[in-house]
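Trainee: just a sequence and a predicted model for now, questions to come.
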Amino acid sequence: MTVTISAQITPNPHTLKFVTSRIILDFGSIDFSDQAKAETSPLVQALYRLNGVSSVMVGTNFVSVTKSYSVDWTELAEPVVSTLQRELEGETVGVDTSLLIQSSTSSDDIESRIRAILDNEIRPAVAMDGGDIQFHSYEDGVVMLHLQGACSSCPSATLTLKMGIESRLREEIPEIRDVVQI
């Protein structure tokens with residue numbers, strides 16, 4: 001199977017999004033924020049073996065790679081593409097799907113509404129920039145979220161969180177007082 005890969009810039013200058021012609025995950029994303037978390041995922045282990053890779057997030061048809069400050073993309077982009085092609089052209093993808101963050105079902109109406117807005121509006125937009133947002137919890141008017149991939153260390157993450165996500169959620173759910181990254 002021949003896999004095509006295209007690199008796309010993200011708002012985070014240290015993260016590139018590598019879009020693939022092969023489906024990697026059926027849904028969701030997995031954030032491998034350090035090499036230890038990649039223990040059961042050969043694809044991600046292979047990327048961490050490259051000098052300068054500091055974080056990897058795998059989505060449905062893309063991989064966001066964050067580089068260390070000491071390496072330039074002109075040195076790292078080509079090896080990332082080569083590694084992805086080699087790993088994705090095999091029979092199995094090599095990503096441990098047991099690490100997917102599963103959305104727990106909740107009977108709480110506010111949580112359900114938050115999840116619906118995140119899943120239907122916000123997550124697809126954030127994925128376009130090579131990131132993901134996972135709902136963690138809602139308590140006493142405060143929504144707690146995990147920012148992943150390009151979003152986790154993006155210079156504009158706070159702006160996105162407050163002006164984008166918080167504004168949109170408060171528009172539909174006035175009970176929300178704050179949205180925070182954990």
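Mentor: It's in.

Trainee: okay, Asn67 and Ser21: tell me how far apart.
Mentor: For residue 67 the amino acid is Lys, not Asn. 23 Å (Cβ to Cβ, to the nearest Å). The C-beta positions use only the backbone N, C-alpha and C, and glycine is treated the same way.

Trainee: for those two, indicate the residue with more neighbours.
Mentor: Lys67 (22 against 12; other Cβ atoms under 10 Å).

Trainee: show me what contacts the more buried one?
Mentor: His14, Thr15, Leu16, Gly52, Val53, Ser54, Trp73, Leu76 (Cβ atoms under 8 Å, 6 or more residues apart in numbering).

Trainee: ok, and for the host helix or strand of Phe135, which residues are buried?
Mentor: Element membership of Phe135 [criterion: DSSP states H and E] is strand 131-139. Buried positions in strand 131-139, judged by neighbour count with 16 or more other Cβ atoms under 10 Å: Gly131, Asp132, Ile133, Gln134, Phe135, Tyr138.

Trainee: returning to that earlier point: out of the contacts of Lys67, which is nearest to Ser29?
Mentor: Nearest to Ser29 among those: Thr15, at 13.5 Å, using Cβ to Cβ.

Trainee: in contact with that closest one: list those residues for me.
Mentor: Counting by Cβ under 8 Å, 6+ apart, Thr15 makes contact with Ser55, Ser64, Val65, Thr66, Lys67, Gly130, Gly131, Gly149, Ala150, Ser153, Cys154.

Trainee: one more time with 6 Å
Mentor: By Cβ atoms under 6 Å, 6 or more residues apart in numbering, the residues touching Thr15 are Ser64, Thr66, Gly130, Ala150.

Trainee: that older thread, remind me what the strand holding Phe135 packs against, helices and strands.
Mentor: Packing partners of strand 131-139 (3 or more Cβ pairs under 6 Å, 6 or more residues apart in numbering; DSSP states H and E): helix 109-117, strand 142-149.

Trainee: check which residues of the lowest-mean-pLDDT helix or strand in the chain are buried.
Mentor: Every helix and strand in the chain was compared by mean pLDDT, DSSP states H and E; the lowest is helix 157-159, with a mean of 74. Residues of helix 157-159 classed as buried by neighbour count (16+ other Cβ under 10 Å): Ala157.

Trainee: what is it packed up against?
Mentor: Helix 157-159 sits against no helix or strand, with contacts defined as 3+ Cβ pairs under 6 Å, 6+ apart.

Trainee: now the helices: where do they sit in the chain?
Mentor: Counting by DSSP state H, the chain has these helices, from start to end: 42-48, 73-88, 109-117, 123-128, 157-159, 167-172.

Trainee: low-confidence regions, this protein specifically.
Mentor: Scanning the chain for pLDDT under 70 picks out 91-92, 94, 96-107, 153, 155.

Trainee: at 80 what do you get?
Mentor: Within the chain, the segments meeting pLDDT under 80 span 1, 27-28, 90-108, 149-163.
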